[in-house]
Every structure is written in C-alpha cells, then in structure tokens.
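*Asks:* coords please:
(2 chains)
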There are 2 protein chains.
Amino acid sequence: MRIAQLAPVCESVPPGGYGGTERVVSWLTEELVRRGHRVTLFASGDSHTRARLIPTVERALQRGGGPDSVMAHILAIGAVQRRAAEFDVIHSHIDYLAFPAFRESDPPLLTTLHGRLDIEGLAPLVRHFWQRPLVSISDNQRGPLPGANWVATVHHGLPLSDYPLGEGRGGYLLFVGRISPEKRPDVAIDVARRAGVRLVLAAKVDPTDRSYFETVIRPRLDEPGIEFIGEVDQTAKVALMRDARALLFPILWPEPFGLVMIEAMACGTPVVARRCGSVEEVIGGDVGRICDDDDALVRAVGEVGTIDRIRCRRWVEQWFSVERMATAYERIYRRLAVARKADRAPVRALLPMPVAAGD
Amino acid sequence: MRIAQLAPVCESVPPGGYGGTERVVSWLTEELVRRGHRVTLFASGDSHTRARLIPTVERALQRGGGPDSVMAHILAIGAVQRRAAEFDVIHSHIDYLAFPAFRESDPPLLTTLHGRLDIEGLAPLVRHFWQRPLVSISDNQRGPLPGANWVATVHHGLPLSDYPLGEGRGGYLLFVGRISPEKRPDVAIDVARRAGVRLVLAAKVDPTDRSYFETVIRPRLDEPGIEFIGEVDQTAKVALMRDARALLFPILWPEPFGLVMIEAMACGTPVVARRCGSVEEVIGGDVGRICDDDDALVRAVGEVGTIDRIRCRRWVEQWFSVERMATAYERIYRRLAVARKADRAPVRALLPMPVAAGD
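*Replies:* Reported below is the predicted structural model:
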C-alpha cells in the first residue's frame, strides 16, 4: 500500500533520547517498508528512515531555534495535503491537529492518539470530528472517551533485535523516562531505599518539571544507593535495562501505554509497577508485579528474583513485537482503503473529478 | 451576503477589557449586520452580537478552566466546516490555523493576520498555503512577508459614536495597553517625568510579563506623577482617553496596527509616538507627533497643546471609521465570491500573483 506516516516534529524519528511517539512511528515505518509498502514519512529533517522522508521542518523542535509547535505541525499537515492523492491511507500521530484538514475526497485519515485523553475540551472535539477513525494504544486509555470512533486498540510493539536479552547482573532497580510528579520518581526512591536495593534513575528533566526536580528530587540524590544519570541515549538505555534487576514503574497517572515496560521486558527485566493506566494490559502472566501501594512495591522488589527473565522476553515476543503492531495497522489500513473504494465508486462515477486539493 | 466571522476565543467578542482583535471583529460584525448582511459569528459563548452567534467554547479562554487554545480553535474551525455550505465567504481572524481546513470546494477563506509577522516559521507556512488570500492591517506589517498573497491592507476602523470627543481637561499623559518590554512603559515614565506631566498607565500585566512588571516597572510607580491603575474596561478607557492631554505610544516593536492610537484620536486626543511599525500610517497630518528618540518624545509632549483636538477626531472619521473598514471588507468579500462563482480556478487570476510555492 501507499502509506503516509505523519509524525510529530518535537523529536526526530527515531529520537536521539526521550520520545516515545517518535520511536514507535519509526519502528512502524521501518517494518512497513520491510514488508514492501511504499511508505512516506513526514517528519523533521534530521530523521532517519528507509521510507521516503519528506522533511516538514529542518530539525526537530526540541533542538530549538525553529517555529513554534503548532505552526510546525500545520506546515506538516500542508505537506501531506499537497501530496494526498499519492496515498491509500494517511496515518497521523499528531493528536487531533489533522482532523479538520482531510475530507471524504481525500485518502482516509487514521489517527493514533498517543497521549492521555482526560483533557478538558477533548471530548467535544472528538464528538465534533466523530467520523475520524481513531486508534487507542491501550484499552484503558479510552476511558475518558468511551463513545469515540475507536476502530482498534493497537498496543505498541518493538523490534526485539534491538533489545537483546540481558542477565540483570547489575543488581539495581531502574527508573527510566521523565522526572515528573506523575511518574513518581520520589516513590521509586522510597521503594528502593526501603527494599535496600540500589536505584539508577535515567531520566530527562523537562523545563516544566525543573522546579519539581530541584525541590523534590535533587535533595534526595545524595541518599545512599541513589544514582541519577539524566537523559540517556538508546544504546545506554538498553544496556541499563539488560543489567537491571527490575524496572520500577510506580506511576500515578493514567499512563496511555508505557513503552519502557516492554523495552525492559524485552531485555528480560521484569517490571514492578503500580496498578494504573495501561499497566494491567502490558504486564501479565509472570513477567512482573502489579502493586496497589508502596508496601506492595517494596515487597515486590524483594520477590522479582524469582521471575524467569526468559519468560519476560517471550512475553514481549508474543504480544509486543513490531511485527504484531505492523500487522494490526496493516489490517486497519486495508479496511479503510477498501471501505473508501466501495463508498466512493458511485459518487465518483456521477461527479466530475474534484480539483486537486490546494494546488 | 452570507458571511462567517471566525474570531479568536481568547477573549469574548467584544472583550471585557484588553483584546484588540476581538474588539475589531465585534465592530466589523455589527456593522455588517447593520448593512443587512447575514452574518454568523463563531466566537466564545460569552460573546454578544446582533449576528447569529455560534459558540465554539462556553467561555473565553482568558476566563480559565477551558480547553487549551489550539484545541479550542480547532473546534471552532470544525464548527465553521460543518456549516460551510451556508456561507458566501469565511473570514478568519485566527492567524494561520484555518489554512489547511478549507478547500476550493468550500466558500472562499479570507484571513486577516492581526499579529506581527516576523515570526520564525511563518514565511514557509505562508508560502506553502500561498493560495489563501490574506489581508494585512497595515502596509508596514507586511514587511517580513512581502511575497505573500496579500489582497489588501485594511486599516482597523471604530464606531465613532462609542468614542465621544473629549476636551483633555485631565491634563495627564496616558499609556494604554499591556505592560510589556516592547510597549516601553519605562520610556513612557521617563518621558512624562522629564516633561513634567502626570502619567496614567492603564494597562494589563500578562503572566508572561509579570517579572518585567515586578522588576522594571513596579519600583518606579512611586515616582511623583506616575499613576498605575491596571487593566480597565471599555467605559473607563474611553473616559481616560477623553480627558488625556495626549496618548503616549513609545513602542519599540513592529506594531501591526495599534488600535489605541485611533481610539485616542477619536476622543480628540493627539498621539505622541515613536516611529515604529504602523505608526506612520496611523498618525498623519496634524494629529500627533512621530518621534525618533526619547528627547523628541519629551519635546513633542511639550507641543501637543497646539494640536486641534477636533482635527484628531476628523482624522479618525475620515480614515479609521468602522464604516470605511466594513466597506473595504465588503469589497473583498464580493471579489472572492464572484471569482468563485465564475469558476473556481480564476480566484487567483483576480488576485495578485503569488510567489513560487515553496517546495
């Protein structure tokens, strides 16, 4: 199929460091190319792909110096519009921004919503654009928008070859992601100290979280067994995951998916998580512990040694591979393209061809 | 004609206090209704108009508690799209946000750009959507985008009956608008003190300008003859303008229009301004002083007593009335609608030739 992937331009595709959405878009894009699809990736110019890359800004916005985020994404939408006729399906990963831009005369627009959905104003917006098919990245994510036009939940999937099995020899607990109140790095520190196990925090501090970091987290980094190493690149992250005894994921927010959980498990590292958001969909069987309070998190850390690391990897191979994700999206793309052909044939036969959008 | 006005929802239409764009949209809308057009105003639900009001959010965003600005405006665009077939023309005042949303099969989309245009990313955006007809609010504003698809400059106009002639008996200088570095309230204070004339600052402090206010402006508010009264409503503003000896407008930024200048002049109050942005287009003849430095501003304050206040009002009656603004827009609406009816393509033939279309 001829597929357009419309990626956020906050980070490059794939991102150098933090950037879950851009990473998933990259994996999906490369796998679709591998399967022989003609994929066009609309992303920042510093992206790398085997697909055709149409740069919509020169560099990822997080590098600074570019247009503001809304302007950059409107420009990206314009770039897709101009070439819309070249595609069988357009797959948007930029929230709701493309909703007003595509019509029934365009290729179908599929939107995967990557963020949390309990946001003021989103429900009326989704009701208004009710005809836009949506994909959730967990069933739990749908909670605030039960009546939206969901066509599927497609859990993220990763290329297992990028995450070799490790043996957890470092003996430490690992916290990966962002330092922000809802990710609860403070609880991670509490739990690690009470369990008497070393904790490595490999996490980015966004400008908005700077004061939280300075006031709540930094004062605790001198406590024994607590090591903060900031944002790490993909290679360092995978190495850290392979050697970790467990990933600590004590989040207190409606996590839409939680990519680090499957990354850790792919490396054989079990996950100790709080029951929140998508956690129960991502951790299952005997590959981690789902806890309801801090005491349970401490106990779980004591027990993770009994979890078979190979079993964790098999879990990801079975449920969270990029192949499974790509197959799920392929199926949706086909359904949309077929539905469009069936619907539009008689209309097309009766009416003159529409003027090409824009130019 | 059947006209859609798509207003920003940051403030209500008209706004309670500060909010130049929403105020101009209100004036234009009411005048078009008065002329018998069927006008639909897409604006926040706390707006007031004789046109048909389609509320796109419940309350203006500045009142807090609503969706974020982008989401609210995407929702507004959706509301216009749903009723697009009802209109002969859609007039957008929300920057570039509606660019991707309307096509040649829709009623023509006219966009008045109300902001400064020397913004990173705007030039490629406007090149990309080169077929969208644009209106500037001063010729000077066009500077950074000389090759854009400008169809006209339409200076703002106001309803003179809302701005009765005053006699300037208060004897003070007036600074109105926002306390922000580029509006130079600090220079206003310097100039007033050097000229030995009392200064009233009736101005809003936005959250982004709070620290500038606290560090640069607040320490000076105890100086003799300096009175800060914060943001004022329309009635209070007009009263202040009528009694002022002159409006001080020492801006140091590319002011796209500067509504307060015509508001003051309508009340008979001359304007003492720095030569910047639109100033030379708005102040002319013998209705104010255009200055190149602080010394000239001080001298000008000493001379404004010689300016005939009635002449200031006549200047606004002649060039900056809402009637003149509405007539200018009517003419553009007709051109766009006629061009569309004749044939979809030749819209561009009637309009200035665009520059090459970016990539």
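
*Asks:* Please confirm that A:R193 is located within a helix.
*Replies:* Yes - assessed with DSSP: H, G, I helix; E, B strand; the rest coil, A:R193 lies in a helix.

*Asks:* pretty sure it contacts A:E223?
*Replies:* Yes - the criterion here is CB atoms under 8 Å, and A:R193 meets it with A:E223 at 6.4 Å. C-betas here are computed from N, CA, C, even on glycine.

*Asks:* of these two, who's got more company?
*Replies:* Neighbour totals were compared for A:R193 and A:E223, and A:R193 leads with 17 against 12 (other CB atoms under 10 Å in any protein chain shown).

*Asks:* check contacts around that one.
*Replies:* A:199, A:223-226 (CB atoms under 8 Å, 6 or more residues apart in numbering or on different chains).

*Asks:* among the residues you listed, which two are most distant?
*Replies:* By the measure CB to CB, A:L199 and A:P224 form the most distant pair in the contacts of A:R193, at 10.3 Å.

*Asks:* more neighbours, the two?
*Replies:* Legend: neighbour count by other CB under 10 Å for A:L199 and A:P224, higher for A:L199 (24 against 7).

*Asks:* how much space between the nearest residue to that one once chain neighbours are set aside and A:G166?
*Replies:* Among residues not flanking A:L199 along the chain, A:A192 sits closest, at 3.5 Å (CB to CB, 6 or more residues apart in numbering or on different chains). Distance, A:A192 to A:G166, by CB to CB, to the nearest Å: 19 Å.

*Asks:* who has more neighbours, the two?
*Replies:* A:A192 (25 against 21).

*Asks:* The more buried one and A:L248 touch, don't they?
*Replies:* Yes - counting by CB under 8 Å, A:A192 does reach A:L248; the two are 7.0 Å apart.

*Asks:* quick one, helices of the stretch 51-200 of chain A?
*Replies:* A:69-82, A:122-128, A:185-195 (DSSP state H, counting those that start in this stretch).

*Asks:* Around the nearest residue to A:V187 once chain neighbours are set aside, how many other residues sit close by?
*Replies:* Leaving aside its sequence neighbours, A:V187 sits nearest to A:P250 (CB to CB, 6+ apart; 4.2 Å). With neighbours defined by other CB under 10 Å, the count for A:P250 comes to 21.

*Asks:* again, but for A:P254
*Replies:* Neighbour number of A:P254 under other CB under 10 Å is 18.

*Asks:* cool, and A:G277?
*Replies:* Neighbours around A:G277, by other CB under 10 Å: 23.

*Asks:* same check, this time on A:V287
*Replies:* Neighbours around A:V287, by other CB under 10 Å: 24.

*Asks:* List the residues that contact it.
*Replies:* A:V287 neighbours (CB under 8 Å, 6+ apart): A:265, A:270-271, A:307, A:311-312, A:315.

*Asks:* With respect to chain B, which of those residues is nearest?
*Replies:* Nearest to chain B among those, counting by CB to the nearest CB, is A:V271 at 32.2 Å.

*Asks:* Disregarding flanking residues, what is the spatial nearest neighbour of that closest one?
*Replies:* Per CB to CB, 6+ apart, closest to A:V271 is A:G288, 3.7 Å.

*Asks:* shouldn't that neighbour be in contact with A:T306?
*Replies:* No - the criterion here is CB under 8 Å, and A:G288 misses it with A:T306 at 11.7 Å.

*Asks:* out of the two, which sits in the more crowded spot?
*Replies:* Neighbours were counted for A:G288 and for A:T306 using other CB under 10 Å; A:G288 has more, 26 against 8.

*Asks:* gap between that one and chain B?
*Replies:* 35 Å (CB to the nearest CB, to the nearest Å).

*Asks:* List the backbone torsions phi and psi for the residue nearest to A:V271.
*Replies:* With angles defined as degrees, to the nearest 10, A:G288 sits at phi 170, psi -170.

*Asks:* tell me how far the helix or strand of chain A with the lowest mean pLDDT is from the chain's mean position?
*Replies:* Sorting the helices and strands of chain A by mean pLDDT, DSSP states H and E puts helix A:322-350 at the bottom, at a mean of 79. In terms of CA atoms, centre = their mean, to the nearest Å, the gap separating the centre of helix A:322-350 from the centre of its chain is 24 Å.

*Asks:* Same question for stretch A:54-64.
*Replies:* The answer for stretch A:54-64 is 19 Å, by CA atoms, centre = their mean.

*Asks:* what about it, how long is it end to end?
*Replies:* 20 Å (CA to CA, to the nearest Å).

*Asks:* do stretch A:126-145 as well
*Replies:* 8 Å.

*Asks:* list the buried ones in it?
*Replies:* Buried positions in stretch A:126-145, judged by neighbour count with 16 or more other CB atoms under 10 Å in any protein chain shown: A:126, A:128-129, A:132-138, A:140-142, A:145.

*Asks:* residue contacts, A:P256?
*Replies:* Here A:P256 is in contact with A:113-117, A:136-138, A:140-141, A:277-278 (CB under 8 Å, 6+ apart).

*Asks:* So what's the predicted local confidence for the closest residue to chain B within the stretch 151-300 of chain A?
*Replies:* Nearest to chain B, among the residues of the stretch 151-300 of chain A, is A:T208, at 13.9 Å (CB to the nearest CB). pLDDT, A:T208: 91.
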